[in-house]
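Give me a model of this one.
(4 chains, ligands or ions: 2)
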Amino acid sequence: MSKTFDVAKIKKDFPLLERTVHDRPIIYLDSGASSLQPHVVIDAMSHYYATTHANVHRGVYSTAEEATILFERSRQVVGAFLGAVHPAEEIVFTKNTTESINLLANSWGATNLGPGDAVVLSIMEHHANIVPWQMLSARLGFEIRWITVDSEGFLILDDLDALLEGAKLLSITAMSNVLGTINPIRELAARAHAAGALIHVDGAQSVPHLGTNVVADDLDFLSFSGHKVLGPTGIGVLWGRRELLAAMPPFLGGGGMILDVKTDGFLAADPPQRFEAGTPPIAEAIGLSEAIRYIDTIGIDEIRSHELHLTTTALDALAGRFGDSLTVHGPGPGAHRGGVISFTLEGVHAHDMAQILDSVGVCVRPGHHCAKPLMRFLGVPATARASFGLYNDEHDIEVLLEGIDQAAKLFT
Amino acid sequence: MSKTFDVAKIKKDFPLLERTVHDRPIIYLDSGASSLQPHVVIDAMSHYYATTHANVHRGVYSTAEEATILFERSRQVVGAFLGAVHPAEEIVFTKNTTESINLLANSWGATNLGPGDAVVLSIMEHHANIVPWQMLSARLGFEIRWITVDSEGFLILDDLDALLEGAKLLSITAMSNVLGTINPIRELAARAHAAGALIHVDGAQSVPHLGTNVVADDLDFLSFSGHKVLGPTGIGVLWGRRELLAAMPPFLGGGGMILDVKTDGFLAADPPQRFEAGTPPIAEAIGLSEAIRYIDTIGIDEIRSHELHLTTTALDALAGRFGDSLTVHGPGPGAHRGGVISFTLEGVHAHDMAQILDSVGVCVRPGHHCAKPLMRFLGVPATARASFGLYNDEHDIEVLLEGIDQAAKLFT
Amino acid sequence: MAELEELYREIILDHYRSPRNKGELASPPALRAEGFNPLCGDEVVVTVDVNGGVITDIKIGGQGCSISQSSASMMSASVKGKSVEDAQATIAIFKSLMSVHEAQLEVSDASPEEQPIDLKALGELAALQGVVKFPVRIKCATLSWNTLIQALGDLPS
Amino acid sequence: MAELEELYREIILDHYRSPRNKGELASPPALRAEGFNPLCGDEVVVTVDVNGGVITDIKIGGQGCSISQSSASMMSASVKGKSVEDAQATIAIFKSLMSVHEAQLEVSDASPEEQPIDLKALGELAALQGVVKFPVRIKCATLSWNTLIQALGDLPS
Ligand SMILES: Cc1ncc(COP(=O)(O)O)c(C=O)c1O
Ligand SMILES: Cc1ncc(COP(=O)(O)O)c(C=O)c1O
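Residues are numbered from 1 along each chain as shown, chains lettered A, B, ... in the order given. Ligands and ions are numbered 1, 2, ... in the order given. This is a model prediction of the structure:
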């Protein structure tokens, strides 16, 4: 079911792309930090507030019932997108990827980890998949082990079995938000399971840009954020295998996650409600499911091909134009990398690079990208990162190159 | 600076009030569960997504800078509304009141409470202000003590000093979401402090409907939710005194809340960032500040007078029309109660009442209102709850009475 | 409103006002189960005497709204005296009547498939059909049924 | 873009390319402080020798963007040889130049009050004025100054 990918048409779906910056059309190359939202997503949320808003789950009147149906259907849409078997029980709405991982650490982790145990991470993790484990480890005394990367930016997996020995969890990103490396998740899941460990995948970068199938990959947990997948801020997802979620204690306490409360204690509800204390992100869930519907109409595989094409084009052009004065931190072009290009230009600090690019309308992000252990490992204090979305095209790459040119001229 | 309160004009600001339910105009009497949103709030968020969206704090390009400014200004707007002295450091954005209280429990609580300590709650608390303390108490072994209520629904404060003896925290709602009782927060703060305890106020019901001043009331912490104060879902606030927040450890770990991360540990940022791990609810913060601006143009005191008038009118009309067959659970009319009316009609279960009210377009909520300890204490399994907002008027009360009439007829 | 009259049919109100088989049987020997709807606080206690494969007595305790109470009352009247096998067939038909529509809360856009349901086999229980227009109330109607299933689940099979 | 030229004035680029007083003084006896911008990862190490109330030497270490590096370099050139008191006056003027605009990130609608600032007293430091148009970069410009304040804070007073 091949679809024609019409990027000019797609651009029109994203109102932010109509704006100008310093009198130039905006060139948005920061989807790795947050994506833009199409009209349909913005409108779905406005429409919800204007016609249907009510608190969910506890009302019998019409709008409360409609809001509940829309909210619960969002679970189905998200679940289908991930290939989940039991979306109604397996999709937990959180506020972002970060909360999803904290939930996992504080619920599954706090009941399963202790002295003598180990959690395996990789050095390319985002702080969201590092700090929660460090906080928990400080409390419970388990060990954190690190998979490192080679000079091209690939995971070094030769000693993985040794790292996994006695480990209870491998928690790892499917795609680096700095290097663009796509990790071999299916292989990692198989090796984790062979060693008796579970696997949690940080899908913040992969879910929006690559196809995801939690069953085919045999995953145990997966997290991602709404705002990176064409959806709103204020919502994230934790998917977990039904049996695993069912055995986990609650994380946050409050309304909606209980069966009963007495002065001397409470009884927790079943998943996913058990993990959704308080009024959930209702409008945001509706916006997120609209975003996924939008992606479905275009096709995640078509999006991936388009972004891969852009990535290859950009990497080739950067190498051609700037040669050795520009370093790309991450693998060369190919199917093993996503549309995230971190680079440094000799003599120009990333912060200045981003500032100069802004003057020609180009949005890129400078800094450590919330991956300081990786930056230290690479010995690079900061990079500028250009990252693609389905709404980018070759012209965007040309303007990026024009901006880098200006930076090069200003600083030499 | 008296303002004329024009409810007909206000109604026009809320698009949801234009819709019909079962061919009748909607009568929204469920603001206690969630408020409606005015056009300006919905539009502010749409406009943000359509023109400015970018991840905050880490970008130097124009939209990232604008988004950051809008987001940080929202703290100022929220802080001013609460009378906070140092909004930039004291306003923490969470996902809802429930998360705010869980943050407080897991950060302040986990470092300050242990065996031999006590936290004082009241029996009228929402589950959001009960379950987090129960979960923590199960882990740390401190005691939870309960302030009870009298037959009218007022807190029994005669033995408060005894309850507070040796307690480290009084955590209490400023207004009951079931009874409507407004608690004497300033007195409670003074007595808590006199006993050497801190005070946390659950402002979920009070902040939207009564004036709040954390300094005048001498509070230590206060929580509330965006979606009850004319703002969006997906955002809540924890306000804390600067010195207290500065001494608290982080709760959730991840990006944005760190100064540095190494493989062997991390260094936390200062408040409020320390408590805001991951991409924050950016659009939601902007929507929330717009909601507060809207309230400010009308005047919170004017809103309070209007709602008090409606409450008194409704209580009188209910008593007049239904006499002893209808029980209102909570104080009689007067300045000591807010616009939340929980009632039961003889022979009609609350669930049926809400269903029949829906058929005439009236939205009320049946059930335990996430306050099961109170319901048990009152010996009532469920009530129907009508709750007012600034957009309600006397006509809404008439339709409510008409619906209750129908229920009475159907069931006798 | 027509839908509301569909929901609150006379026979339902009758069972609500005068519930059949109210009370609790001594357990043991009766099988006993408790059901609970956390959203609205409805509670039901089902006790059943089963002798020689036949439901010789059943009693219903607890409290709740008219739908949960009348559904429980009608259920008790419908299964009392039946063989466990026949009762289970009734449960299955009733549950399918409800579940088709319960699915509204769960499936995505696809509208639920209409399966032919043998309403005649349900007798007066068919009066509860009006509930399916009110998805939130379906849990009220099925509460006692699920509790009965639980109680019968304790039977040695 | 005019604003960009304001930001990257020639003198700033000159300090960035050829930083003055680069390095580290032995500490002790030098006062020493480290500064850190968590948002972008810029780091600065300031070491100062103070003798008889005069900053006799100062060195700057670390790494960062052109604004943080040139600001540090210009700062070192501007305070070296000055009495601590004079240096502190310069710090105060520079900080007020920046803080008026830093406030943009914090205050609500009110536009920041313009205070008269003695630009002449700043000498070539006035070149950093272009930064104030870029609120996010202000933290780059002030990093080394805050670190110097920290280092001087260790002086017995
Ligand atoms: C008094 C009170 N506290 C806490 C809450 C919980 O608010 P939220 O669900 O937004 O976390 C509510 C609202 O349901 C409430 O009324
Ligand atoms: C790989 C990865 N994990 C986690 C996150 C954190 O996502 P959020 O900030 O939405 O919680 C990000 C995004 O910044 C990311 O790129």
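
In chain C, what residue lies closest to chain B?
Distance from chain B to each residue of chain C (CB to the nearest CB) is smallest for residue C:65, at 3.6 Å. In this view, the C-beta of every residue, glycine as well, is placed from N, C-alpha and C.

Isn't that residue up against residue B:348?
No - with contacts counted by CB atoms under 8 Å, residue C:65 stays clear of residue B:348, the gap being 9.1 Å.

Looking at these two, which is more packed in?
Comparing residue C:65 with residue B:348 by neighbour count (other CB atoms under 10 Å in any protein chain shown), the higher total belongs to residue C:65, at 29 against 21.

Could you pull up the residues touching the more buried one?
Counting by CB atoms under 8 Å, 6 or more residues apart in numbering or on different chains, residue C:65 makes contact with B:349-352, C:40, C:42, C:140.

Looking at those residues, which is nearest residue B:326?
Ranked by distance to residue B:326 (CB to CB), the contacts of residue C:65 are led by residue B:350 at 12.0 Å.

List the buried residues of stretch A:81-95.
A:81-84, A:87-95 (16 or more other CB atoms under 10 Å in any protein chain shown).

so where's chain C shaky on pLDDT?
C:1, C:100-117, C:157 (pLDDT under 70).

Strands of that one, start to end?
C:31-37, C:42-51, C:54-63 (DSSP state E).

close to chain A, is the second one?
No - applying CB under 8 Å from any CB of the partner chain, one finds strand C:42-51 out of contact with chain A, separated by at least 9.9 Å.

So which elements touch that strand?
Strand C:42-51 is packed against strand C:31-37, strand C:54-63, helix C:66-79, helix C:135-153, with contacts defined by 3 or more CB pairs under 8 Å, 6 or more residues apart in numbering or on different chains; DSSP states H and E.

now with 10 Å?
With contacts taken as 3 or more CB pairs under 10 Å, 6 or more residues apart in numbering or on different chains; DSSP states H and E, strand C:42-51 sits against strand C:31-37, strand C:54-63, helix C:66-79, helix C:84-102, helix C:135-153.

quick one: least confident helix or strand in chain A?
strand A:258-262 (a mean of 91; mean pLDDT, DSSP states H and E).

For the residue in the stretch 101-250 of chain A that ligand 1 sits nearest to, which three-state class applies?
In the stretch 101-250 of chain A, the residue that lies nearest ligand 1 is residue A:234 (12.7 Å; CB to the nearest ligand atom). Assigned by DSSP: H, G, I helix; E, B strand; the rest coil, the conformation of residue A:234 is coil.

Next up, the contacts around it.
If you count contacts by CB atoms under 10 Å, 6 or more residues apart in numbering or on different chains, residue A:234 has them with A:95-96, A:225-227, A:281, A:283-285, A:287-288, B:93, B:95, B:226, B:232-235, B:279-285, B:287.

Now a ChimeraX select for only the buried ones of these.
The ChimeraX command for the buried members of these (criterion: 16+ other CB under 10 Å) is given here:
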select /A:95,96,225,226,227,281,283,284,285,287,288 /B:93,95,226,232,233,234,235,279,280,281,282,283,284,285,287
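
Quick check: the residue of the stretch 101-250 of chain A closest to ligand 1 vs residue B:381, distance?
35 Å (CB to CB, to the nearest Å).

Could you do residue A:356 as well?
Residue A:356 is 67 Å from residue B:381, by CB to CB.

Just want to know which of the two has more residues nearby.
Set side by side, residue A:356 and residue B:381 show more neighbours around residue A:356, with 26 against 21, by other CB under 10 Å.

tell me the contacts of the more buried one?
A:348, A:362, A:384, A:403-411, B:60, D:1, D:4, D:7-8.

Please report phi then psi for the residue of chain C found nearest ligand 1.
Taking CB to the nearest ligand atom, ligand 1 has its nearest neighbour within chain C at residue C:39, 13.8 Å off. Backbone dihedrals for residue C:39, given as degrees, to the nearest 10, come out at phi -70, psi -40.

residues contacting it?
Residue C:39 neighbours (CB under 10 Å, 6+ apart): A:57-60, A:68, A:256, A:269, A:273, B:351, B:366-368, C:136, C:139-140.
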